[in-house]
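[1] Provided below are the primary sequence and the corresponding predicted coordinates.
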Amino acid sequence: MGASQSTGVALASGVAKPVGSLLICGYGVMGRGVGGTFAAAGFPTCVLSRRAAALAGSSSGIEFVERLPATPPDLILEFVPEELELKHALFREIEAKYGDAEFLLATGTSGLDLNLLAKGLRRPERLIAIHYYMPAESIPIVEVAAGPATPRSAVDRAAEALERTGKLPLKIYQPVVGFVVNRLQHALLHEAYWMISSGIASAQDIDFAVARMLGPRMCASGLILQKDLSGLRVNRDAQRAIVPHLFHNNHPNPLPGLLFDRGESGLASGKGFYDWKGLDTAEVRTVAARALEKLLAFLNEHTFPSMSRVQPGPRALKDEVLP
């Protein structure tokens, strides 16, 4: 059996050794947050960056390099810009360097299609997505998704490593654009942007409703479990009455792009959906981050343990109803 075949068998059979080392490619805000969580958990952590010399010694437990190390780590995670060709170029460099060595090749993409990212890979069964949410150091949920040729064992192997860093992995065993959380988030945003553009509600109105009703209720009972609590007849009737009137199309709302093209990119520029003039950018980010940390701590200490006492069993409803 050749090296490529033996590595493929190891991935498919789940006998590969646990992830013990990490290489991060790209060291922006997300790369810093993720690198810190692995280093803090005791993983040998290396960062590939053109700024390696300037970054040396800046973060405890992290080694910075300008070239790919001679020996591949168990997990390589890229955070280069969201452009298909940039990611493909990095993948080609990695595969040329390490050949058929056994490692997981992970992309940090938020929205690129894993089917397209896998094209051109010599070993597409190594490809997974590991999708963090900002701030990466404090948000517990991380999505781990399979590429089109990736075995379940590779997803499980990455998820186990994430658990050792204190994260709660959400495992997705097939490629889907946007994964789970972003598909839900952007479905909600699409309707919210339409209501703002149509003058039905302001950004403040929508944030008020989400922060004080949808958000707290979902913290206690999620999205789907809540429908069981309220009764599916109510939900069925509401779906029939409301869904036909939602804003359905296959195009992103132009409003965020129009604001960005005017230089109104949000907090950093002073304007976005809100006017941030006169507020200190660093203070706003710090206050928001601390508020989130306090909320997560409260949920972990009080809300989630209480609800776990009455947690129902799961059901498999795949293919129950198809459009």
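    Sure thing, it's come through.

[2] end-to-end on stretch 125-138?
    30 Å (Cα to Cα, to the nearest Å).

[3] hang on, I meant stretch 253-268
    22 Å.

[4] what does it rub up against?
    189-190, 193-194, 196-197, 269-273, 276, 281, 284-285 (Cβ atoms under 8 Å, 6 or more residues apart in numbering). Backbone N, C-alpha and C define where each C-beta goes, glycine included.

[5] residues in contact with Val321?
    Val321 neighbours (Cβ under 8 Å, 6+ apart): none.

[6] what helix or strand is it on?
    Under the criterion DSSP states H and E, no helix or strand holds Val321.

[7] separation between it and Arg236?
    Val321 sits at a distance of 12 Å from Arg236 (criterion: Cβ to Cβ, to the nearest Å).

[8] any weak-confidence spans in the protein?
    Across the chain, the ranges flagged by pLDDT under 70 are 1-15, 322-323.

[9] break it into its domains for me.
    Split into domains by automatic domain parsing, the chain comes to 8-172, 180-248.

[10] what's the closest of those domains to Lys294?
    domain 8-172 (10.5 Å; Cβ to Cβ).

[11] so how far is the closest one off the chain centroid?
    12 Å (Cα atoms, centre = their mean, to the nearest Å).

[12] just stretch 229-243 next, same as before
    So, by Cα atoms, centre = their mean, the centroid of stretch 229-243 is 30 Å from its chain's centroid.

[13] what's next to that stretch, contact-wise?
    Contacts of stretch 229-243 (Cβ under 8 Å, 6+ apart): Ser221, Lys227.

[14] so that it lines up with my notes, have the first residue be 26 from now on.
    I'll keep to 26 as the first residue from here, and by that count the last item is stretch 254-268.

[15] sort out which residues of that stretch are buried, please.
    Buried residues in stretch 254-268, counting neighbours by 16 or more other Cβ atoms under 10 Å, are absent.

[16] equivalent analysis for stretch 77-85, please.
    Buried residues in stretch 77-85 (16+ other Cβ under 10 Å): Ala77, Leu80, Ser84.

[17] could those go into CSV alongside distance to Leu250 and secondary structure?
    As requested, those are arranged in CSV below (distance: Cβ to Cβ, whole Å; DSSP: H, G, I helix; E, B strand; the rest coil):
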residue, distance to Leu250, secondary structure
Ala77, 47, helix
Leu80, 44, helix
Ser84, 40, coil
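
[18] which single one of these is nearest to Asn140?
    Ala77 (32.8 Å).

[19] nearest spatial neighbour of that closest one, chain-adjacent residues omitted?
    In this structure, Ala77 finds its nearest non-sequential neighbour in Phe89, 4.0 Å apart by Cβ to Cβ, 6 or more residues apart in numbering.

[20] now name the helix or strand holding that neighbour.
    Counting by DSSP H and E, Phe89 is part of strand 87-90.

[21] now Pro106
    Going by DSSP H and E, Pro106 is not in any helix or strand.

[22] how close does it sit to Ala245?
    If you go by Cβ to Cβ, the gap between Pro106 and Ala245 works out to 38 Å.

[23] now do Asp286
    The value you get for Asp286 to Ala245, if Cβ to Cβ is used, is 40 Å.

[24] not including adjacent chain positions, what is the nearest residue to the residue nearest to the spatial centre of the chain?
    Geometric centre of the chain, nearest residue: His156, 2.7 Å, by Cα atoms, centre = their mean. Spatial nearest neighbour of His156, chain neighbours left out: Glu168 (4.1 Å); criterion: Cβ to Cβ, 6+ apart.

[25] looking at it, that neighbour is touching Val201, isn't it?
    No. Look at Glu168 against Val201 with Cβ atoms under 8 Å: they stay out of range, at 10.1 Å.

[26] the two: which is more packed in?
    Glu168 (21 against 15; other Cβ atoms under 10 Å).

[27] pretty sure the more buried one is in a strand, no?
    Yes. Under DSSP: H, G, I helix; E, B strand; the rest coil, Glu168 sits within a strand.

[28] if I pick it, what's in contact with it?
    Here Glu168 is in contact with Ala154, Ile155, His156, Pro194, Leu195, Ile197, Phe204, Val205, Val206 (Cβ under 8 Å, 6+ apart).

[29] partners of it in the sheet?
    Counting by DSSP bridges, Glu168 forms beta bridges with His156, Leu195.

[30] any figure for the gap between it and Arg75?
    Glu168 is 28 Å from Arg75, by Cβ to Cβ.

[31] list the buried residues of stretch 145-159.
    In stretch 145-159, counting by 16+ other Cβ under 10 Å, buried: Leu146, Arg148, Pro149, Glu150, Arg151, Leu152, Ile153, Ala154, Ile155, His156, Tyr157, Tyr158.
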